[in-house]
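Undergrad: This is a predicted model, with the sequence first.
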There are 2 protein chains.
Amino acid sequence: MTPFEITILGSNSAVPTPTRHPTSQLLNINHHYYLIDCGEGAQIQMRKFGIKFQRIEHIFISHLHGDHYFGLIGLLNTMHLLGREKPLTIHANRMLREILNLQLSVSNTKLKYEIHYNYLDDETESVILKDHNVEVTATPVNHRIPCFGFIFRETEKPLNIKKESLQSLKLGVEEIKLLKQGKDIHRATETIYAADATEAPLSLRKYAFITDTKPKESYYEAIKNSDILYHESTFMGDATQRAADTFHTTNLQAAEIALKTNCKKLVLGHFSTRYTKLEPIKVEAQTIFKNTELAIEGTTFKIEH
Amino acid sequence: MTPFEITILGSNSAVPTPTRHPTSQLLNINHHYYLIDCGEGAQIQMRKFGIKFQRIEHIFISHLHGDHYFGLIGLLNTMHLLGREKPLTIHANRMLREILNLQLSVSNTKLKYEIHYNYLDDETESVILKDHNVEVTATPVNHRIPCFGFIFRETEKPLNIKKESLQSLKLGVEEIKLLKQGKDIHRATETIYAADATEAPLSLRKYAFITDTKPKESYYEAIKNSDILYHESTFMGDATQRAADTFHTTNLQAAEIALKTNCKKLVLGHFSTRYTKLEPIKVEAQTIFKNTELAIEGTTFKIEH
């Protein structure tokens, strides 16, 4: 089975500590690498966890609060120093380019690779990437500055060849290719019908990343039926007012959202530094949504078929 | 004895690893805190080593290559989030302010404390700070972009009261203050002469920080007779040409400089990531200058009287 994995590089809110880094996640979907947010130290975390960061093709930055992007310029610089030539695409607010270009210009750095920018300016939900059978949707959330959630889902998959057909019909490579597209095969002596030799593909997988937001119904439709919903949970249930004042979410609200949108698993993150123990955040959320876990850095969540 | 200590937070050159962070050092001189350079992760290193970073009064940035300042915006942001109100002075190239202000403005952050900037624009050596009996000199070095070394030295100290005078004369607080300034005390029944009751102060201490430079005679006078000379040593002796091409120094060149300028101890740092073992860098340098050590992160070098 091809991988669909999320590795947590950091999941603390603004103030980092030696064991709790700011937000960053690495997605491996069918061997293609995507980075979501890039707080300070993300490149060091990737080295620590043995992640080959030159393989990253797309970087998605939810918003321009520092705990979500201060590690980006360092990562880009290291990619350059290690000889990267493969282009990179950054999906982010337009001002990020200004910041990065200013930093590159004062150090007289001309990157050896190209950066393509996809600006997230429009405050409407849209598909921002479609490639390698993965579709990424950006959906505006509700924070103090413009901020987006990102939804990754596998798109249509080719049909699967039935095991017994593979064996009994001695299918060649070209024949398999055609059958997977639903086309019949006309051999000299027989016709093999795609409808007979194939079956429906495995289910399509879906991951939703929602951070730095007050709960807002507008993004519920987009995250519906996710295999995993990562949702920020800066505060616990007793700090609902503080969460609202700062445009954040509590663990109980995140659990209600997971329930309402029929997600299979909820992963909580973006913890306030006020919480020295994280376990109670999970336990409290589980009173509403049982399949809840914590985004502890170093953890990899795998979505199976 | 009052402290004069240098703690290494990071000493690798551009590419960081989990065990070797980019350049940053914390100085504690007579209980006043100074930060030199601030590579990515410096704030996390300070937490790890138990350093109270809100006590920092002055930050000195040698130059605007990322491995010397990418951690600064994160540190400033954390100081703000933790409620700092005490002003901070940053000594750096003028463009640093542009970068920081752009980053603060896109996140709508208004810092709760003031930052005073002291621009290091002038390409001549000058005293940039005189306070708390410490004098800091910035001296231009020879890198690919404007870059400065920093020399910290204790300035004149008050006279010391002789132990026997303290005991036999039962000196009051005001009397001690006057004697330390060299003034005689006129009591009703006797005169106490400063010349009798005091002795010369302990020797004045000096630390020189020289990074990212090709050797250049212009800074030799400024670093002369330092108790500790920290000198970059990006490469080893067999890479002299590579060092020259990239405007860096080898360990052997650094050792020659320490010898020529009569420094007491040499600390080597800014190691290229090509060196997986650091010990040989020291051993080779010791063939020229015996009292050589490595700037291993977490180490504190103390200058005694």
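TA: Received it, and whenever you're ready, just let me know what you need.
Undergrad: right, and A:I185 touches A:D196 too?
TA: No: the pair A:I185 and A:D196 fails to qualify as a contact (CB atoms under 8 Å) at a distance of 10.5 Å. Every C-beta, even on glycine, is put in place using the N, C-alpha and C of the backbone.
Undergrad: These two: who's more crowded?
TA: Each of A:I185 and A:D196 has its neighbours counted (other CB atoms under 10 Å in any protein chain shown); A:I185 has more, 18 against 13.
Undergrad: Residue of the stretch 201-305 of chain A closest to chain B, please.
TA: Proximity to chain B, evaluated over the stretch 201-305 of chain A using CB to the nearest CB, is greatest for A:T273 at 8.7 Å.
Undergrad: Buried residues in the strand or helix carrying A:L178, which are they?
TA: Here A:L178 sits within helix A:173-180, counting by DSSP states H and E. Buried residues in helix A:173-180, counting neighbours by 16 or more other CB atoms under 10 Å in any protein chain shown, are found at A:E175, A:I176, A:L178, A:L179, A:K180.
Undergrad: any idea how far the third one is from chain B?
TA: Spelled out, that is A:L178. Note on A:L178: its distance to chain B, by CB to the nearest CB, to the nearest Å, is 48 Å.
Undergrad: The last one now?
TA: Going from A:K180 to chain B by CB to the nearest CB gives 43 Å.
Undergrad: re earlier: pipe the buried residues of helix A:173-180 into a markdown table and attach pLDDT and distance to A:L35 per row.
TA: Listed next are the buried residues of helix A:173-180 as a markdown table, based on pLDDT from 0 to 100; distance: CB to CB, whole Å:
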| residue | pLDDT | distance to A:L35 |
| --- | --- | --- |
| A:E175 | 88 | 39 |
| A:I176 | 87 | 34 |
| A:L178 | 89 | 37 |
| A:L179 | 88 | 36 |
| A:K180 | 84 | 31 |
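Undergrad: Now do the same contact list for the nearest residue to A:G66 once chain neighbours are set aside.
TA: Once flanking residues are discounted, A:G66 sits nearest to B:N77: 4.9 Å by CB to CB, 6 or more residues apart in numbering or on different chains. With contact set as CB atoms under 8 Å, 6 or more residues apart in numbering or on different chains, B:N77 has these partners: A:A14, A:G66, A:D67, A:F70, B:T109.
Undergrad: now, among these, which is nearest to B:Q286?
TA: Taking CB to CB as the measure, A:F70 is the one of these closest to B:Q286, at 39.0 Å.
Undergrad: picking up where we left off before, what does the model give the residue of the stretch 201-305 of chain A closest to chain B for pLDDT?
TA: pLDDT, A:T273: 93.
Undergrad: what about the closest residue to it other than its chain neighbours, neighbour count?
TA: Take A:T273 and drop its neighbours on the chain: the residue closest to it by CB to CB, 6+ apart is A:V15, 4.6 Å away. Number of residues near A:V15 (other CB under 10 Å) recorded here: 19.
Undergrad: does A:V15 count as helix, strand or coil?
TA: coil (DSSP: H, G, I helix; E, B strand; the rest coil).
Undergrad: May I have the phi/psi pair for it?
TA: Dihedral angles phi and psi of A:V15 (degrees, to the nearest 10) take the values phi -90, psi 120.
Undergrad: Tell me if I'm right that it and B:G83 touch.
TA: No: assessed by CB under 8 Å, A:V15 is found out of contact with B:G83, at 11.1 Å.
Undergrad: what helices or strands is the lengthiest helix in chain A leaning on?
TA: Longest helix in chain A by number of residues (criterion: DSSP state H): helix A:95-106. Judged by 3 or more CB pairs under 8 Å, 6 or more residues apart in numbering or on different chains; DSSP states H and E, the packing partners of helix A:95-106 are helix A:72-81, strand A:115-119, helix B:95-106.
Undergrad: tell me the most buried of these?
TA: With neighbours taken as mean count of other CB atoms under 10 Å in any protein chain shown, the helices and strands packed on helix A:95-106 reach their highest mean count in helix A:72-81, at a mean of 23.
Undergrad: Distance-wise, check the nearest residue to A:M46 once chain neighbours are set aside relative to A:M79.
TA: Ranked by CB to CB, 6+ apart and with sequence neighbours excluded, the top spatial neighbour of A:M46 is A:F53, at 4.8 Å. Per CB to CB, to the nearest Å, A:F53 is found 7 Å from A:M79.
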